[in-house]
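Student: predicted structure and sequence below. I'll ask about it afterward.
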Amino acid sequence: MNKQRLLSGHETELPTSEELRKISEDLVKYRSGVVRILSDGWLYPAITTRYLDRLYNMELRPDDVFVITFPKSGTTWMQEILWVMLRNPDLDPNNEEMKEKLWARSLDVGLDMIFDKYEQAVNDMKSVAEKFSRVCPGKTKEDGMAIQIVESQPSPRVIKSHFPLELHNKDLLQKCKVVYVARNPKDMVVSLYHFLRVVKSGRYQGSLEKFARRVMRREIPYCPYWPHVLQAWRQRDNPNLYFTTYEDMKDDIMGQLRNINKFLGKNLTEEQLKKIAEFTSFSSMKTRGEPIDKAYYNEDVWKKQGGMFRKGIKGDWKNHFSPELNQEMDQWIRDNVKDTGLKFKFGDEFNAVTGTDRESFGDCVGPHGPETRNSNSTYLLDVAKANNVKICWILVPAAKSSPLDLLSQYRRGC
């Protein structure tokens, strides 16, 4: 395939033979080959260019809501939240659409390119093809089943995409609302590694450490990571984009739901939001079953590590990273977030007082310096240091408490 220019104005570039060797290592090969999209060098199967032009031309509706993420950043969680808030806020069990799996209710516009990877794709996409035949009679599959299904869906649509903002229609943020979810890159890498091991479109065979370094070198599909996140971060003040993180959702889901409720202009009640929080919790979603068909999974790996719903926690990277890999990723993160103002939580924060929720705390001392700091919190840091306790994040209650008591309560809680 020669160089080509997309409707978005981006040019494509074929990788060198050496790059192609590295990209194909330990992964199922794409039948159409791979291509980089300049200038950031996004890595996709070559067939993606066909679907990107279709996506760029897709007619946008003013009530469309896109959920855009780098893969394995909380997409499925946010998809379900948005779909329920927009299309079934009362959680009516008789809602006909709810009988469909989440992937079908809120389709990934890049789904077709994923299944260019392996010969069984046609069989494993059977359920997608059946829906396509039902809702898109007379249309051509080669033009992208996912995008055409999305085009046929009633409003308001919740549309999932792992493509960066700049590859969408140029009017996206003028005409629609976008919810962007980022996840700290350490946990994202662990989750993406497990995902590409379990799905047939990945079947990754290498180690996690090798995988993490390949992400940093942009040798894994969908990479590079940082331009994807930073494009959205720089638009965080746009009234049509809501930027959040997986970690903020884990820390305070009700606060996030209130923000999203306001962003969408839905005016749902507090009681409705509480029910939505429970319905979309990790345990509830896991109980309802996988959001995609099990036919897409490598059954042996799925039985050992689970499918889409694996752990649903933050900080899992600590169970996998060697000190050397952690140092490398720390430097990679520092190099890329410098002067951007973007900060992540890495799951190593703790509450100095156990058994108390975050809302009842007063002063905060964070890993990037104090937000507010009084003599009590300063003294607690000194006490912790003297007692050989590593403090990454301290939350000190507004009520008067002895720092030694706080520290002992923390130790008992652990």
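Tutor: Yep, it's here.

Student: use CA for all of it now, contacts and neighbours both
Tutor: Will do.

Student: phi, psi for the nearest residue to Trp77 once chain neighbours are set aside please.
Tutor: Nearest in space to Trp77, with sequence neighbours left out and distances taken as CA to CA, 6 or more residues apart in numbering, is Thr280 at 6.8 Å. Its backbone dihedrals place Thr280 at phi -100, psi 10, with angles given as degrees, to the nearest 10.

Student: and Thr280, what is it in contact with?
Tutor: Each residue near Thr280 by CA atoms under 8 Å, 6 or more residues apart in numbering is listed here: Trp77, Glu80, Ile81.

Student: can you do 10 Å?
Tutor: Shown in contact with Thr280 (CA atoms under 10 Å, 6 or more residues apart in numbering): Thr76, Trp77, Met78, Gln79, Glu80, Ile81, Val84, Ile253, Lys286.

Student: quick one, what contacts the fifth one?
Tutor: Going back to what we said before, that points to Glu80. Leu86, Leu102, Trp103, Arg105, Ser106, Val158, Ile276, Phe279, Thr280, Ser281, Met285, Pro291.

Student: coming back round to it: tell me which of the contacts of Thr280 is nearest to Leu60?
Tutor: Here the nearest of the contacts of Thr280 to Leu60, counting by CA to CA, is Gln79; it sits at 18.3 Å.

Student: name the element the closest one belongs to?
Tutor: Gln79 is part of helix 75-87 when elements are defined by DSSP states H and E.

Student: now that helix - C-alpha only, CSV.
Tutor: What follows is the C-alpha trace of helix 75-87 in CSV, where atoms were taken according to Å, rounded to 0.1, in the frame of the first residue of the first chain:
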residue,chain,number,x,y,z
THR,A,75,-14.2,2.4,28.7
THR,A,76,-16.7,-0.3,29.5
TRP,A,77,-17.5,1.2,32.9
MET,A,78,-18.1,4.6,31.4
GLN,A,79,-20.0,3.2,28.4
GLU,A,80,-22.5,1.6,30.8
ILE,A,81,-22.8,4.7,32.9
LEU,A,82,-23.5,6.9,29.9
TRP,A,83,-25.9,4.5,28.2
VAL,A,84,-28.0,4.0,31.4
MET,A,85,-28.1,7.7,32.1
LEU,A,86,-29.2,8.6,28.6
ARG,A,87,-31.4,5.6,27.6
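
Student: tell me the confidence at the residue nearest to the spatial centre of the chain?
Tutor: The centroid of the chain falls nearest to Ser73 when counting by CA atoms, centre = their mean (1.9 Å). Reading off the per-residue confidence, Ser73 sits at a pLDDT of 94.

Student: ok so, going back, just the contacts of Thr280: which has the poorest pLDDT?
Tutor: Minimum pLDDT for these is recorded at Lys286 (77).

Student: ok so, going back, chain neighbours aside, what residue packs nearest to the residue nearest to the centre of the chain?
Tutor: What sits nearest to Ser73 in space, not counting adjacent residues and going by CA to CA, 6+ apart, is Arg183, at 4.8 Å.

Student: residue contacts, that neighbour?
Tutor: Taking CA under 10 Å, 6+ apart as the definition of contact, the neighbours of Arg183 are 69-75, 189, 229, 244-248, 314, 344-346.

Student: now, which of those lie within helices?
Tutor: Thr75, Val189, Val229, Tyr246, Glu247, Asp248 (DSSP state H).

Student: check which helix or strand covers His194.
Tutor: helix 185-198.

Student: and this structure, what are its domains?
Tutor: With automatic domain parsing as the criterion, the domains of the chain are listed as 12-305, 358-413.

Student: so which of the ones you listed comes closest to Asp335?
Tutor: If you check each of those against Asp335 by CA to CA, domain 12-305 wins as the nearest, at 10.3 Å.

Student: quick check: the gap between Leu86 and Gln79.
Tutor: Relative to Gln79, Leu86 is positioned 11 Å away (criterion: CA to CA, to the nearest Å).

Student: show me where pLDDT drops low in the stretch 101-250 of the chain?
Tutor: Counting by pLDDT under 70, the stretch 101-250 of the chain shows low-confidence ranges at 115-125, 199-203.

Student: helices of that one, start to end?
Tutor: Counting by DSSP state H, counting those that start in this stretch, residue ranges of the helices within the stretch 101-250 of the chain are 102-105, 111-114, 121-124, 126-135, 145-152, 172-175, 185-198, 208-216, 225-233, 246-251.
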